[in-house]
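Visitor: I would like the atomic coordinates for the input below:
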Amino acid sequence: MKKTPLNQVHRDLGARMVPFGGWDMPVQYSGVIDEHLATRNRVGLFDVSHMGEVEVVGSGALDYIQQLTVNDASKLVDGQVQYSAICYPNGGTVDDVTLYRFSAERYLFCVNAANTDKDFAWMQQQLQESGVPNVELRNLSNEFCQIALQGPRADEVLQGLTSVDLSSVAFYHFTEGGVAGLPAIISRTGYTGSGGFEIYAAADAAVPLWTALMKEGEEAGIAPCGLGARDTLRLEMKYALYGHELSEDISPLEAGLGWITKLDKGDFVGREALQGKKDAGLPRRLAGLKMTESGIPREGYPVYRNGEEVGIVTSGTMSPCLKVGIALALLPPEFCAIGTDLQVGIRKRQVACQTVKTPFVNI
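Guide: Modelled structure (predicted):
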């Protein structure tokens, strides 16, 4: 398995390590609920160095990206980040990504860890097929570490380590500056819904950067957090996870990502299929479920309506904030209306739930 530059740090902190997408990663330290609530109420620190980074440079960069992704990258200005997705010709999803614009001729994709090699190969193939000139792709994943500082006290912690005026960095924007004396990209983005930053730096900066953030965050009650809390935090916010709410068989439209799928921007890979799906009417959509009887829904559990199986849970957990079982599920549109009574199959029982407005929590 691959290891991030912080692997030994996690072990020294007593983290429970698990395989994840080919990586040896911490799933928890003090416990998922404790880490979840620390992030919601104070500040949490996450090692996300397993994520991939692909740079796109050259005068043809924007034209190429426009053909590759579903969102409209022409709307970006320098220092702005965009959430987007890459599709197959049939409308299925290659990956969901964040795109950083440094200049008109330099962009950086952040891609999901388990998909990095697949994504880069797809990007190379699409570049060859597009015929767009003056574009170079570089897989820089091994050169970066990435650390996420998340939570309502993230600003005060990070501000103590940088001369950058963090109040000037808007949501989904980034800047370059020093953190604890180390060159870094400071991005006001995250996967928790509780505010904060994702910090990119050189791989060999990971340990001193993590150490400085942990020390600076002591007074704020900082907690090292693992993949378990990262998952429950994103689920409370209805953030998609590739392999669950998105896949080669699940389109961005089905996953509720029509807002990033710009079918009117011009041609891109998968556009024709996505337009066809939209015109025909989607056979299934992602909906939020909250349990009304005791039970914890999990990925793969069937969803029923009056005894008939109608859908499937894509992600589920016991919400640490709500203290009730919640789930995301793919359902026929007629069962997605808020307040629809359904059941989840849990251990041979059909346990009552109801469709609810998402996100599940309001931050």
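Visitor: Would you double-check that Asp96 falls in a strand?
Guide: Yes: membership of Asp96 in a strand is supported by DSSP: H, G, I helix; E, B strand; the rest coil.
Visitor: you'd agree it is up against Phe109?
Guide: No: with contact defined as C-beta atoms under 8 Å, Asp96 does not count as touching Phe109 (10.8 Å). To be clear about C-beta, it is placed using only N, CA and C from the backbone, and glycine gets the same treatment.
Visitor: Compute the first-to-last residue distance for stretch 144-158.
Guide: 19 Å (C-alpha to C-alpha, to the nearest Å).
Visitor: So for this structure, the centremost residue is which one?
Guide: Tyr191 (5.2 Å; C-alpha atoms, centre = their mean).
Visitor: what's near enough to touch it?
Guide: The neighbours of Tyr191, taking C-beta atoms under 8 Å, 6 or more residues apart in numbering as the test, are Val48, Ala148, Gln150, Arg230, Leu233, Arg234, Tyr239.
Visitor: can you check Trp210 too?
Guide: Applying C-beta under 8 Å, 6+ apart to Trp210 gives the contacts Leu6, Val9, Leu45, Asp47, Ile147.
Visitor: And Val97, how far from Ala240?
Guide: Distance, Val97 to Ala240, by C-beta to C-beta, to the nearest Å: 12 Å.
Visitor: and what of Met291?
Guide: Look at Met291 and Ala240: by C-beta to C-beta, they are 21 Å apart.
Visitor: domains in this protein, as residue ranges please.
Guide: Per automatic domain parsing, the domain ranges recorded for the chain read 7-49+143-236, 283-356.
Visitor: Let me have these in TSV, adding mean pLDDT and distance to Asp117 as columns.
Guide: Below are the domains of the chain laid out as TSV (pLDDT from 0 to 100; distance: least, C-beta to C-beta, whole Å):
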stretch	mean pLDDT	distance to Asp117
domain 7-49+143-236	98	9
domain 283-356	98	24
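Visitor: Give me whichever of those is most buried.
Guide: Most buried of the domains of the chain by mean neighbour count (mean count of other C-beta atoms under 10 Å) is domain 7-49+143-236; its value is a mean of 20.
Visitor: Straight-line length of it, end to end?
Guide: Using C-alpha to C-alpha, the end-to-end distance of domain 7-49+143-236 comes to 27 Å.
Visitor: Name every strand pairing with the helix or strand containing Ala352 and say which way it goes.
Guide: Using DSSP states H and E, Ala352 maps to strand 349-356. Sheet pairing for strand 349-356, assigned by DSSP bridges, gives strand 285-291 (antiparallel), strand 341-346 (antiparallel).
Visitor: quick one, which of the ones you listed is nearest to Lys277?
Guide: Proximity to Lys277, assessed across the strands paired with strand 349-356 by C-beta to C-beta, is greatest for strand 285-291 (11.2 Å).
Visitor: ok so, going back, out of the domains of the chain, which is closest to Arg271?
Guide: Closest among the domains of the chain, using C-beta to C-beta: domain 283-356, at 19.3 Å.
Visitor: got a list of what the nearest residue to Ser251 once chain neighbours are set aside touches?
Guide: Of all residues not flanking Ser251 in the chain, Gly91 sits nearest, at 4.4 Å (C-beta to C-beta, 6 or more residues apart in numbering). Listed by C-beta under 8 Å, 6+ apart, the contact set of Gly91 reads Ser251, Leu253, Gly270, Ala273, Leu274, Gly276, Lys277.
Visitor: Name the nearest of these relative to Thr69.
Guide: Proximity of these to Thr69 was ranked by C-beta to C-beta; the top entry is Gly270 with 9.7 Å.
Visitor: Which residues are in contact with that closest one?
Guide: Applying C-beta under 8 Å, 6+ apart, one finds that Gly270 lies in contact with Val70, Cys87, Tyr88, Pro89, Asn90, Gly91, Gly92, Ser251.
Visitor: Quick check: chain neighbours aside, which residue is closest to it?
Guide: Cys87 (3.1 Å).
Visitor: distance of Glu248 from Gly339?
Guide: Noted for Glu248: a distance of 32 Å to Gly339, by C-beta to C-beta.
Visitor: hang on, I meant Lys277
Guide: 26 Å.
Visitor: do Gly316 as well
Guide: Counting by C-beta to C-beta, the separation of Gly316 from Gly339 is 19 Å.
Visitor: Likewise for Gly243?
Guide: Noted for Gly243: a distance of 29 Å to Gly339, by C-beta to C-beta.
Visitor: Figure out how far the longest helix along the chain is from the centre of its chain.
Guide: Ordering each helix of the chain by length in residues (DSSP state H) puts helix 116-130 first. Helix 116-130 sits 21 Å away from the centroid of its parent chain (C-alpha atoms, centre = their mean, to the nearest Å).
Visitor: what's in contact with it?
Guide: Residues from elsewhere that reach helix 116-130, judged by C-beta under 8 Å, 6+ apart: 51-52, 54, 64, 67-68, 86, 94-95, 97, 109, 111-112, 135, 137, 139, 141, 269.
Visitor: Sort out for me which of those residues are in helices.
Guide: Those of the contacts of helix 116-130 mapping onto helices are Tyr64, Gln67, Leu68, per DSSP H.
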